[in-house]
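# just a sequence and a predicted model for now, questions to come.
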Amino acid sequence: MDYSYIDAFSKLIVIILRTDVNIKKNEVLERICDSILIVLTKYHENVEGFNQRPFFKLLLNLIYDIKRPEYSFEDNEVLNLFTMFVKLFDKLQPIKYPGFSFAWLELVSNRYFMPTLLANHEYWINFHVLILHLLKYFKSTISEETISNLAM
């Protein structure tokens, strides 16, 4: 599958975030995340055979590019922008969007995202919320028999 249009769109978003114009990067990324949420919700609810890969690719590209050293985002900017992703992932929790659960888990545990949040004690609570969503999803999908077998 050709996802070059997603790569180009994610680069456009990062270029907008990197501009030195008097924009508030958090607000811009929050609007972009809200737009992604709206489109993902529409496709998740209305399209049979929901394909999570384009959304995964877009979000992964954004996380990677924000963390990328060549783009010279400051550490506090990266953390503030990643907070917007935490809010998005909170809304996209696997119980509400089971068709996106594998991509959600991969994004939340990504090597650029998770260590950045956990390196700062102030942001542990943000990641804690995401882990709770994951555990609630596991609880809802695992049968009682499997839980009792695991306890033994």
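Done, it's in.
# check whether Gln93 sits in a helix, strand or coil.
Three-state secondary structure (criterion: DSSP: H, G, I helix; E, B strand; the rest coil) places Gln93 in coil.
# let's see the pLDDT reported for it.
As summarised for this prediction, Gln93 has a pLDDT of 94.
# quick check: phi and psi on the closest residue to it other than its chain neighbours?
Counting by Cβ to Cβ, 6 or more residues apart in numbering, His133 is the residue found nearest to Gln93 once chain neighbours are left out, at 4.0 Å. Every residue, glycine included, has its C-beta placed from N, CA and C. Note on His133: its backbone torsions stand at phi -60, psi -40 [degrees, to the nearest 10].
# so His133 touches Ile95, yeah?
Yes. When contacts are counted by Cβ atoms under 8 Å, His133 is listed as touching Ile95 (7.1 Å).
# ok so, going back, what sits against the residue nearest to Gln93?
Residues near His133 by Cβ atoms under 8 Å, 6 or more residues apart in numbering: 89-90, 93-95.
# for Val39, state which of those is nearest.
Comparing these against Val39 with Cβ to Cβ places Phe89 closest, at 15.8 Å.
# quickly find the element holding the closest one.
helix 75-91 (DSSP states H and E).
# that helix: what's the following helix or strand?
helix 101-108.
# and that following helix, average pLDDT?
Along helix 101-108, the predicted local confidence has a mean pLDDT of 94.
# what about Arg18, how many neighbours?
Number of residues near Arg18 (other Cβ atoms under 10 Å) recorded here: 14.
# can you pull the contacts of the nearest residue to it once chain neighbours are set aside?
Distance criterion Cβ to Cβ, 6+ apart; nearest residue to Arg18, sequence neighbours excluded, is Tyr71 at 6.0 Å. Taking Cβ under 8 Å, 6+ apart as the contact definition, Tyr71 lies against 14, 18, 65.
# mind showing which ranges of the protein have poor pLDDT?
Judged against pLDDT under 70, the low-scoring parts of the chain cover residues 143-152.
# how about the CA coordinates for stretch 10-27, as CSV?
What follows is the C-alpha trace of stretch 10-27 in CSV, where atoms were taken according to Å, rounded to 0.1, in the frame of the first residue of the first chain:
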residue,chain,number,x,y,z
SER,A,10,2.7,14.6,8.4
LYS,A,11,5.7,16.5,7.1
LEU,A,12,3.3,19.5,6.4
ILE,A,13,2.1,19.4,10.0
VAL,A,14,5.6,19.3,11.4
ILE,A,15,6.6,22.2,9.1
ILE,A,16,3.7,24.2,10.4
LEU,A,17,4.7,23.4,14.0
ARG,A,18,8.3,24.4,13.3
THR,A,19,7.5,27.8,11.9
ASP,A,20,8.7,30.8,14.0
VAL,A,21,5.5,32.7,13.4
ASN,A,22,3.6,33.7,16.5
ILE,A,23,1.5,30.5,16.7
LYS,A,24,0.8,28.4,19.7
LYS,A,25,2.1,25.0,18.8
ASN,A,26,-0.1,23.3,21.4
GLU,A,27,-3.2,24.8,20.0
